[in-house]
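Engineer: Model the structure of this input:
(2 chains)
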Protein chains: 2
Amino acid sequence: MHILIIGAAGMVGRKLGNRLAADGAIGGKPIARFTLADVVAPQPLSGFTGPMDCVMVDLTTPGTAAALLEAKPDLIYHLAAIVSGEAEADFEKGYSVNLDGTRALFEGIRLGRQGSDWTPRVVFASSIAVFGGDMPEAIGDEYLLTPETSYGAQKAICELLLSDYSRRGFFDGIAIRLPTVCVRPGKPNRAASGFFSGIIREPLAGLPAILPVSDDVQHWMASPRATVEFLLHAAALDLAPLKNRRAMTMPGLAITVGGQIAALERVAGSKVAALIEREPDPVIAHIVSGWARGFDTQRAEALGFVAETEFDEIIRVHIEDELGGKLPKLG
Amino acid sequence: MHILIIGAAGMVGRKLGNRLAADGAIGGKPIARFTLADVVAPQPLSGFTGPMDCVMVDLTTPGTAAALLEAKPDLIYHLAAIVSGEAEADFEKGYSVNLDGTRALFEGIRLGRQGSDWTPRVVFASSIAVFGGDMPEAIGDEYLLTPETSYGAQKAICELLLSDYSRRGFFDGIAIRLPTVCVRPGKPNRAASGFFSGIIREPLAGLPAILPVSDDVQHWMASPRATVEFLLHAAALDLAPLKNRRAMTMPGLAITVGGQIAALERVAGSKVAALIEREPDPVIAHIVSGWARGFDTQRAEALGFVAETEFDEIIRVHIEDELGGKLPKLG
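Structural biologist: Numbering: from 1, shown residues only, chains lettered A, B, ... in the order given. Reported below is the predicted structural model:
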């Protein structure tokens, strides 16, 4: 298997790459080669001895997709995107990267396969931001896509493209709508959803965190570990049962901010939880008010996708995977 | 009001233009100017004495949208499209015209309005082809878009773009999903849905017609007259109640091919109905099998959109509007 990861330098891309390199195989097939691509230079994966190309590319530059696809990878992960806050702030950049970049990739595959039987698996990271506005408390698999951000609109459009290109036989695609990844490690990014992780990550590092919304805000979350499992599962799955509906929401956990804080207190104590400072931000509160509160993900569950069922577990995953099992020592 | 009609040379575009010219006003506001655009030269509208530009343009040519929009029309109808059969046969042409052409128009408005308060009403002709595959017998307003053709995918994508551009305030858009127009006058076009009209239109002209599917195929139809009424109503409606969900299915009539033929026999007699010849075509039957059978269009009805409720009425509309009220004389 030759695996191409686009967006390999991002948080999820790095975790996915490292996990694939450690496993050495996917779906029972040995991994022979990696191509890691991003707009910044991706780091090589340790523990993999086969050929590995780390390339700095921008899919929106003409010719880039063709060059990236020249070796006809068997499995293509497309994780690259401008995040929601930035896509809302910069209309043109969001459409350029999130829509035109993805379309350039899909067109690169379509044009690159002509005269061959190359039909790669494409795993596209979509988002629950395809939903918004007035929605049921638990959104089912047949509910209308109703984005309330340009980011969500771009993801919804790419899902439609992916299903159509798959129906046409140009590639074998699946779009998985990732829950908000929590607890996202590292520095905050420009995603409006950043605080859902910040209020757990910063206190667990002994640092103050800002909560810009009220405690009753509810959202759909999964750990980085569960997110990587979704991506691995999507690569090896038989997609024929999906027919032409290639997009689906991933399982997750519906929890309020208040529930997150209560779990943090249970797992790490009240001194840690007391590091959260409430500073209402009407701009973030407005964006978040248009987001989904929960899902009914029967379709993904029937296909074997699994996520955490308690937020305490999500916190423990973060402590294990990012903090070496250690809690902060507070005075 | 300055009205721009893109796709003005098409069947619906011509009927709309003539009706607007005859009315001389829309939503109580007098029409001061027309711009009629199409890839073939649109015919001037008779009975309108104000300025009227008839232009032959291709929206996919760079600069075209900007030139077309220079006079900042108040109301823009976008009816131009490659039809379903052709978009399926020619993947690149379908995406170019139906997606890139529409996006060029939307971008032309966004870029053209900078520094001004020009916020035109945009009425986009979408299609029930945004639905396909396994669907409920009556598709409600919150049902997932599930296109099974590239044409349907292109229309669904343009709906998402229109809602996002409207949410951003670049224009005030509405996408109305037209039922299959029946009875479509004139020559057959390359739409796979052509036979729904052909089996009524040709016998009413005393000519044989081919039926390529079985009698139990059911579909969602409205007359050309009702279709023009949808477009007029969409132009003058207050769109604020739609919030950011700017697309909706238009009312129509769910009827089987067998029901159409029975109505033809009732209205025009058995000799006329006997002109229908059954010649099953598996390609057309396969395309049509993926189409919607019926809808529950509460949202559009609440906004005042109205269609025929009996197929006999649709046939009578055709006889009145296209045949001068006359039935064929058969020996």
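
Engineer: okay, CA-based contacts and neighbour counts for the rest of this
Structural biologist: Will do.

Engineer: what's the pLDDT at the residue in the stretch 51-200 of chain A positioned nearest to chain B?
Structural biologist: Minimum separation of the stretch 51-200 of chain A from chain B (CA to the nearest CA) falls at A:L144, amounting to 3.9 Å. The confidence metric pLDDT takes the value 96 at A:L144.

Engineer: ok, it touching B:L145?
Structural biologist: Yes - A:L144 sits in contact with B:L145 when judged by CA atoms under 8 Å, with a separation of 6.4 Å.

Engineer: Quick one: neighbours of the residue of the stretch 51-200 of chain A closest to chain B, just the number.
Structural biologist: 19 (other CA atoms under 10 Å in any protein chain shown).

Engineer: which ones are touching the closest residue to A:L161 other than its chain neighbours?
Structural biologist: Excluding the flanking residues, the one nearest A:L161 by CA to CA, 6 or more residues apart in numbering or on different chains is B:A153, at 7.1 Å. Contacts for B:A153 were tallied using CA atoms under 8 Å, 6 or more residues apart in numbering or on different chains; they are A:160-161, A:164, B:130, B:146-147.

Engineer: Show me which pair in those is furthest apart.
Structural biologist: Using CA to CA, these span at most 12.7 Å, a distance reached by A:L161 and B:V130.

Engineer: Can you pull the residues of the stretch 101-250 of chain A lying near chain B?
Structural biologist: Neighbours of chain B within the stretch 101-250 of chain A, by CA under 8 Å from any CA of the partner chain: A:133, A:142-146, A:148-150, A:153, A:156-157, A:160-161, A:164, A:167, A:244-245.

Engineer: before we move on, the earlier item: just the contacts of B:A153 now: which is nearest B:A235?
Structural biologist: The closest of those, once distances to B:A235 are taken by CA to CA, is B:V130, at 21.9 Å.

Engineer: Look up phi and psi at the closest one.
Structural biologist: B:V130 adopts backbone torsions of phi -70, psi -10, taken as degrees, to the nearest 10.

Engineer: Over to A:G206?
Structural biologist: Backbone phi and psi, for A:G206 under degrees, to the nearest 10, turn out to be phi 80, psi 20.

Engineer: What is the nearest of the contacts of B:A153 to B:G324?
Structural biologist: B:V130 (34.9 Å).

Engineer: quick one, what contacts that closest one?
Structural biologist: Counting by CA under 8 Å, 6+ apart, B:V130 has contacts B:145-148, B:152-153, B:155-156.

Engineer: cutoff 6 Å now
Structural biologist: For B:V130, the contact set (CA atoms under 6 Å, 6 or more residues apart in numbering or on different chains) comprises B:145, B:147, B:152, B:156.

Engineer: Just the local confidence number for the last one, please.
Structural biologist: Among the per-residue scores, B:A156 shows a pLDDT of 98.

Engineer: and what of the third one?
Structural biologist: On the pLDDT scale, B:G152 is placed at 96.

Engineer: surely it meets B:A129?
Structural biologist: Yes - between B:G152 and B:A129 there is a contact under CA atoms under 6 Å: 4.6 Å.

Engineer: which one is A:A234 nearest to, not counting chain neighbours?
Structural biologist: Counting by CA to CA, 6+ apart, the residue nearest A:A234 is A:V123, at 6.6 Å.

Engineer: Just list whatever residues bridge to the one you found.
Structural biologist: A:V123 has these beta-bridge partners by DSSP bridges: A:Y77, A:I174.

Engineer: Tell me which helix or strand A:F48 sits in.
Structural biologist: When elements are assigned from DSSP states H and E, A:F48 belongs to no helix and no strand.

Engineer: Give me the nearest residue to it, chain neighbours excluded.
Structural biologist: The shortest distance from A:F48 to any non-neighbouring residue, by CA to CA, 6+ apart, is to A:A21 (5.4 Å).
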